[in-house]
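got a predicted model here, sequence first, then my questions.
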Number of protein chains: 4
Amino acid sequence: MSKVRYGMVGGGEGAFIGAVHRTAAAIAGNWDLVAGAFSSTPDKARRSAAEIGVARGYDSWQDMLAKEASLPADRRIHVVSIVTPNFLHAPVAIAAMEAGFDVVCDKPVADTLEAARAIADAATRTGRRIAITHTYTGYPLVKQARDLVAGAGAVRRVMVKYTQDWLSRAADLENNKQAAWRVDPNRSGEGGAIGDIGTHAFNLVEFITGRRVKSLCAELGSLPGRSLDDDASALLRLEGGGRGMLACSQVCVGDANDLAISVYCDELGLHWRQEEPNSLRVGRRDRPEEIWHAGSNRAYLAPAIRAIQRTPGGHPEGYMEAFANIYHAFGQEVLTGKRAAGAPGYATLEDAIACMKFIHAAKKSSDADAAWIDLTTL
Amino acid sequence: MSKVRYGMVGGGEGAFIGAVHRTAAAIAGNWDLVAGAFSSTPDKARRSAAEIGVARGYDSWQDMLAKEASLPADRRIHVVSIVTPNFLHAPVAIAAMEAGFDVVCDKPVADTLEAARAIADAATRTGRRIAITHTYTGYPLVKQARDLVAGAGAVRRVMVKYTQDWLSRAADLENNKQAAWRVDPNRSGEGGAIGDIGTHAFNLVEFITGRRVKSLCAELGSLPGRSLDDDASALLRLEGGGRGMLACSQVCVGDANDLAISVYCDELGLHWRQEEPNSLRVGRRDRPEEIWHAGSNRAYLAPAIRAIQRTPGGHPEGYMEAFANIYHAFGQEVLTGKRAAGAPGYATLEDAIACMKFIHAAKKSSDADAAWIDLTTL
Amino acid sequence: MSKVRYGMVGGGEGAFIGAVHRTAAAIAGNWDLVAGAFSSTPDKARRSAAEIGVARGYDSWQDMLAKEASLPADRRIHVVSIVTPNFLHAPVAIAAMEAGFDVVCDKPVADTLEAARAIADAATRTGRRIAITHTYTGYPLVKQARDLVAGAGAVRRVMVKYTQDWLSRAADLENNKQAAWRVDPNRSGEGGAIGDIGTHAFNLVEFITGRRVKSLCAELGSLPGRSLDDDASALLRLEGGGRGMLACSQVCVGDANDLAISVYCDELGLHWRQEEPNSLRVGRRDRPEEIWHAGSNRAYLAPAIRAIQRTPGGHPEGYMEAFANIYHAFGQEVLTGKRAAGAPGYATLEDAIACMKFIHAAKKSSDADAAWIDLTTL
Amino acid sequence: MSKVRYGMVGGGEGAFIGAVHRTAAAIAGNWDLVAGAFSSTPDKARRSAAEIGVARGYDSWQDMLAKEASLPADRRIHVVSIVTPNFLHAPVAIAAMEAGFDVVCDKPVADTLEAARAIADAATRTGRRIAITHTYTGYPLVKQARDLVAGAGAVRRVMVKYTQDWLSRAADLENNKQAAWRVDPNRSGEGGAIGDIGTHAFNLVEFITGRRVKSLCAELGSLPGRSLDDDASALLRLEGGGRGMLACSQVCVGDANDLAISVYCDELGLHWRQEEPNSLRVGRRDRPEEIWHAGSNRAYLAPAIRAIQRTPGGHPEGYMEAFANIYHAFGQEVLTGKRAAGAPGYATLEDAIACMKFIHAAKKSSDADAAWIDLTTL
């Protein structure tokens, strides 16, 4: 079995999401990590490469792009995986594509809407592929939810929430590398919680309903002394009809990573919660409630959804496997040039730009006392 | 043990909530149903009285008030219980108070804000008591939630939803007595779902947080051809700070009576759901999640909350018992002239008028494209 | 509507289950409590009658039976409700039937198998009716479970547990009236936990499967210094095939009243838990799991099961309503002479004698190192 | 970071558990798969090696052992991972240890108690290490459960069940490679369900309680025409006191992989279920119930348990990560020669032999009408 060779930018000592990407790629099974510029500090970059066990450790991402591009085709990387703070996504992604590499990029795709559009331009110009890792759409039952909604008539109402408590105390910003860049507008972008987790919630709405959000009104807030939002509420209107509500917060005491969504259509209502990702609750009028369970052997799941699971029912898969599904799908596409059938395997640039519009619109609406903002004209 | 003698208005053949009130009063144990004008149709009123087994059945509520008032003090009713469609609440309540009776009234207290204020005037003028049956605040763990919030610092975020599906099909309005008056503005008032169930959600927010909602913006909707809303979303701002979201809908397929609330404070987050009312989930930072369970013998519950329960832990109480708690608390007050200690036992006129403002403001906001409406100046 | 007039024996000051019976009868709506001998101490009996508000309070149950029997037919009680400690069930029940009254008796029906058989003889001799209040079979979804099992092929496996923690500390026997008689063989009978709660678990197995238990092996235990069992485990064999396991314990720390059952048949597996009684989980091969919900309007429930519920889906009923269902069914039978269609509305003497055999066999098996005991030859 | 080089025996085309082992080792991160004899059919073995991407594919395990042993120390494998049907475990494990390799072996460790003891003899003789992959003890919260029980006084009662439905139809044995060898006594051993899944349940009891099972009585059963058990019930007695019940079945319709355990001690009761492995329910007398959640950042978990998790709370880990924890712990021991602190990282031969005694005793007891069998004298 041939594998995708990839190089990572970011993800060295003290980082969180880089290790997740590497484990996800290992589970996917069709990726080989062969290069990396794991830190913007050369010393740290080298130490991290040694620790991770990657032979081709580079001092900087510029160095990596240049040197990899000069390797013979059967040795050089196919893909650059970007796991840096948000403000570096665009420069690295654009340079990578221009150097001839496909890209995997952590979300949100950029720090500003403009930067995201610059990536899109680069993709068009270079013809390279890019996948954005909106992890939660990698869960099999999220894909099944999308399938169910597609056959259930009009979407009436969507309610999504994503709540955490890791920033719930004023002191949480101190001595926390993860927090530090996320709450710094220069490194994170104009959104705080709305960028970090609100975009996941937003993307989940669009993924499951198969529709874009047309407009929204929002109210952001934060604990005293913070420059970026840590809490937000929004009303949403979907293209093609349907109303929604979105909440995201990083100051909701007691909640760890509580992303939960309910979608109501003409024919059914469905409910999924990330912390128990292997079941999907489906309600229908005058019928017993149904719990759909994950598992490679569940005859009632769509074949393409069964196929991406590693274990039969009752053997729980988790966050890492959802992430691995994204890597696997994009990897197969890189290797074969063909996109797999069924629900999308990863978030596209178009999806990611919709998320950037969400951040921008939410901020703008909140500044205007929760006025409606039209996303279609941003 | 002496008991409160009461007469009922409404609640005859084909009615739903009247029978609930009667069962609740029977469970409470300190009430005797001795009179009734169970229908606006005299024949039906008489048939219903016989069926229910009430000796003093009257042809009309006017008749009941007049004749009961002329009975000796040790025989006549103390309280009139009003379980008619909304538009009759105010005329009956006002007349009952003027005839010297205390009142129990189903919610919402009236069809319009003006009517509710007229009841308040009557109460002030006559010095009579009135309880409005916001059932869900009768649950022991809702009272415990209020106690917990009171000691948990600032309220940060409230999320409440109340979803049903009994009007989810266009045809649901036909041949359904319950639906018929609820969706008729002349009998129900200006609110559809917001009046019927939104007020419960709203009242629950105010009860648990111990705060009034200061302002809101809302968006109402309905299936084609309906004159009143059957679905609503709102953003809330609380007095003293704290933001909230409220959703209510009677077209959410698969949901029966799904009232659920989350309240996040500085020190904890708590979660309660009406369909499983005997547990209350409490999250705290860096501590195992706690599930508080109902039961008369739960040492960790407040004494006043233990005292209103009929059975020890693990013997579930339900909707009827929550309702009975309201009757019991008001009944004791009627009998003794004293309000019980602890969390309020029933919704007051002030609470009920806040609900009427909610209906009015939600409608007004929705008509103005979800503009913010200040409830304090209504 | 005519009602059943009843007199209660036991259930005065400090008692628990008597108040439950009275509330259940009030909810049922077809009963009138008109007489009572609420304590074996005349003073207490009189005080209790006054407190409860019953005009015909008697000093002793003998007195009640004699005097009620001499009243005219349209005033005297129809039924005697027995809520005393177990050892008094048989004498009161037999005397009541001989005095011409039907009987409701709390479970277990007697303190010994012999006493239970004496009641059966009396019933045959006098032609009187008797209902034993195995509360948990009064839940609508337990009846639905029975219906589902009846159509699901052979029963393969049953697992039932009933665990509490109210006797989990050595000191729990002191100063607790409820505990005192339950752990005294002279008042409770030969079974401790197996009699008090094991019989409920056993009866639930027989009710849902529609089969008698044929034989069992059991092991009983207790904390040091206790004369009766407080913990038991058993293997069961059912008539017609099918194996089972039963556990009951009153020393399981953290459990309140945790009665839970799983029944597996050829075509499905079902799961019900008393602490969340309004849902029934049903698993089938290669199909989404189903959650059946209680509610008078649930089209998928059997009509007879819908008919006994007081509220539509999502308005939880609890322990009291389950109890009320038993009173209602037996009351209608007393009034009309006809048994209602559908699943049995109450436990019969035959059911109750099976429970007494269970107690006896479990004790006997445990004394013989968990040897198999044949219940059919007891 | 240096890694453990390993070779796999079994796990080629059409196999299930081999792929699980490989993914687990990849997640663990401290293993390199460098060799394999993936099938007993040389053709298939070679095809599988190519497909999996392993350079040193061998035609037989004998071949692999011989050739690997002759490689230089810095190239040859450290460990042989055995994922064959049960009857091959002992010959391969013994030969591997004799050839100088440590061993990872899937459970149960052998097909017979005698074979297991022969492995133990070989381990003693050669001084090699061996880990048996009882997956479920790899879950972080199972380790936490063990810690909690260790500090909670005497163990009173254990209830464990492990139910599946993949053999619930007579036809399930046909055309299913997984089923075929598992129900064939020549390849599986004397236990059917008791060997395949009962041993997991049994091992979980011993792991969490920290005690061996002293004796048991059991009853096995199977659908008509099957030579091995597919369903079993047992009563257990623990060393040091405490009683238990164990059920395992592969014919329980609707259940996928439902391993669930409750352990009651003097001070608490705890409850864990494999299908929702990231929460652990803990009950204490007179205290709110606690839900302990998994997560690398949960301050209340033991440090050694936090350390093995890859993600903070709310990012669910699953079956693969539990498996990876076993590989990781054993791998570190192989690399460093030191066992990690805290709860055991993998099942030892002693644990595995206890499981073999369980299979043997359950069969023997069932043949003697559920007589008690003493495991300590087997």
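Right, received. Where do you want to start?

residues from the stretch 151-300 of chain A in reach of chain D?
Residues of the stretch 151-300 of chain A lying close to chain D (C-beta under 8 Å from any C-beta of the partner chain) are A:164, A:166, A:255-258, A:274-278, A:293, A:295, A:297. In short, each C-beta sits where N, CA and C put it, glycine included.

6 Å - rerun?
Taking C-beta under 6 Å from any C-beta of the partner chain as the contact definition, the stretch 151-300 of chain A meets chain D at A:256-257, A:275.

now which of these would you call buried?
Among those, the ones that count as buried by 16 or more other C-beta atoms under 10 Å in any protein chain shown are A:256-257, A:275.

now, which of those residues sits nearest residue C:364?
Distance to residue C:364 across those (C-beta to C-beta) is lowest for residue A:275, with 48.7 Å.

that closest one and residue D:314 touch, don't they?
Yes. Under the contact definition of C-beta atoms under 6 Å, residue A:275 touches residue D:314, with a separation of 5.5 Å.

show me what contacts the nearest residue to residue A:126 once chain neighbours are set aside?
The shortest distance from residue A:126 to any non-neighbouring residue, by C-beta to C-beta, 6 or more residues apart in numbering or on different chains, is to residue A:97 (4.4 Å). Residues in contact with residue A:97, defined by C-beta atoms under 6 Å, 6 or more residues apart in numbering or on different chains, are A:122, A:126, A:128.

spit out the contact partners of the last one.
Which is residue A:128. By C-beta under 6 Å, 6+ apart, the residues touching residue A:128 are A:97, A:102.

which SSE is it in?
Using DSSP states H and E, no element contains residue A:128; it sits outside every helix and strand.

could you measure from it over to chain C?
Relative to chain C, residue A:128 is positioned 41 Å away (criterion: C-beta to the nearest C-beta, to the nearest Å).

model confidence for that residue, exactly?
Turning to residue A:128, the model gives it a pLDDT of 97.

for it, give me phi and psi.
Torsion angles at residue A:128 (phi, psi; degrees, to the nearest 10) stand at phi -80, psi 160.

show me where pLDDT drops low in chain A?
A:1 (pLDDT under 70).

ok, now which ones touch the residue of it most remote from its centre?
Of all residues in chain A, the one whose C-alpha sits farthest from the chain's mean C-alpha position, using C-alpha atoms, centre = their mean, is residue A:286 at 36.4 Å. With contacts defined as C-beta under 6 Å, 6+ apart, residue A:286 is in contact with residue C:299.

how about the residues of chain A near chain C?
By C-beta under 6 Å from any C-beta, the part of chain A that sits against chain C consists of A:286, A:288-292, A:299-300.

could you check how far residue A:344 is from residue A:23?
Counting by C-beta to C-beta, to the nearest Å, the separation of residue A:344 from residue A:23 is 22 Å.

between the two, which one's more packed in?
More crowded of residue A:344 and residue A:23, by other C-beta atoms under 10 Å in any protein chain shown: residue A:23, with 24 against 18.

ok, the helix or strand where the more buried one lies near chain D or not?
Secondary structure assigned from DSSP H and E places residue A:23 in helix A:17-28. Yes. Residues of helix A:17-28 contacting chain D under C-beta under 6 Å from any C-beta: A:23, A:26-27.
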